[in-house]
Every structure is written in C-alpha cells, then in structure tokens.
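Asks: Sharing a model prediction with you, sequence too.
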Amino acid sequence: MIDYADEYRKDIKLDVSRLVEQLADCPSLHHKYSTYYRHERLKYHRLLREMDVLLRDKHGFYKRGPTKETEAMGWEARNEKILNQDIPMYMRADKEIQELQKMIDETKTDMDLLKDYQTQISFRANTIRTLMEELRFQEGA
C-alpha cells in the first residue's frame with residue numbers, strides 16, 4: 001500500500017536551484033498521480049460490486065436463515081427468526097458489511113485525495129513560472 005501523502009510531499013517540494021528541471025517534470029508527475037487515481041478508481045468499483053453481492057447474500061441469510069454455504073463461510077446462525085422489518089438493522093450491524101464499507105470509504109478518500117493532487121500538479125507549472133519570473137525580476141532590480 002502506497003502512502004500517497006508521503007509520496008506527494010516528496011514530489012511537490014520546490015527547489016529554487018532546479019526550477020527548469022522541475023517545470024519539465026510536471027507532465028511526469030501528473031501521469032504518476034493519474035495512474036494512482038485510475039488504480040484506486042478500479043479498486044473502488046470492484047469493492048462496490050463485492051458489496052452488492054455481499055448485501056444480497058446477507059439479506060438472504062437474515063431472511064431465510066443459514067444454509068450449508070453460509071455455515072461454510074462461518075456466518076453465525078441466529079436461533080430466533082428475524083422479522084423482515086429488522087433485517088436492515090442486522091445488516092447495518094454486520095461485521096463483514098461494516099469491514100467492506102470501511103474499505104470502500106478508505107478507497108474513496110484516497111481517490112479524492114489523488115484528484116486534489118492532480119489539480120495541484122496541474123497548477124504547479126504556473127507556480128514555477130511565476131517563481132522564475134520573480135527571480136528574473138529580482139536579479140534585474
């Protein structure tokens with residue numbers, strides 16, 4: 001697992017003595033974080049599909065009770081019958097659903113973060129150009 005914040009902190013530092021080189025690196029940085037974003041986006045959609053299947057299976061489990069398949073998966077059987085109106089409460093409290101939802105939330109947060117990084121990198125070239133102009137102005141003054 002890549003720590004995107006640490007990676008970005010290293011990549012985004014500006015060194016006044018290397019402004020031209022860093023300006024030339026902007027497209028590579030944008031590509032790097034676009035690739036990270038695509039990876040997280042694919043992961044996010046895969047997790048959403050897994051959640052759809054898990055919700056369907058858990059709903060059936062809480063509605064009809066345990067089967068050989070659900071027992072093999074280690075799903076706990078309840079002795080009492082669960083009313084249809086109570087199924088959503090049991091599903092919200094289900095540990096597997098909560099764990100998968102946590103993974104979805106973390107992936108969505110990473111996607112949002114990477115999208116913000118891409119936006120900042122897009123403006124990085126303008127920032128570097130502004131710094132270069134300021135340095136030229138100071139040298140000429």
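Replies: On my side now, so go ahead. Numbering: from 1, shown residues only.

Asks: Contacts only, for residue 29.
Replies: Counting by CB atoms under 8 Å, 6 or more residues apart in numbering, residue 29 touches 11, 121, 124. In this view, the C-beta of every residue, glycine as well, is placed from N, C-alpha and C.

Asks: between the residues you listed, which has the most around it?
Replies: When neighbours are counted by other CB atoms under 10 Å, residue 121 leads the contacts of residue 29 with 22 neighbours.

Asks: for the worst-scoring helix or strand of the chain on mean pLDDT, which positions count as buried?
Replies: Every helix and strand of the chain was ranked by mean pLDDT, DSSP states H and E. The lowest is helix 68-72, at a mean of 88. Under the neighbour-count criterion of 16 or more other CB atoms under 10 Å, helix 68-72 has residue 70 buried.

Asks: For that helix, which outside residues touch it?
Replies: For helix 68-72, contacts defined as CB under 8 Å, 6+ apart pick out 57, 61, 77.

Asks: List buried residues within those.
Replies: 57, 61.

Asks: Beyond the least confident helix or strand of the chain, next helix or strand please.
Replies: helix 87-93 (DSSP states H and E).

Asks: tell me the mean pLDDT over the host helix or strand of residue 27?
Replies: According to DSSP H and E, residue 27 maps onto helix 19-64. On average, the pLDDT along helix 19-64 is 94.

Asks: before we move on, what about stretch 85-105?
Replies: On average, stretch 85-105 scores 95.

Asks: what does it contact?
Replies: Contacts for stretch 85-105 (CB under 8 Å, 6+ apart): 44, 47-48, 50-51, 54-55, 58-59, 62-63, 82.

Asks: Now do the end-to-end distance for it.
Replies: Taking CA to CA, to the nearest Å as the measure, stretch 85-105 stretches 27 Å from start to finish.

Asks: Endpoints of stretch 65-78, how far apart?
Replies: 8 Å.
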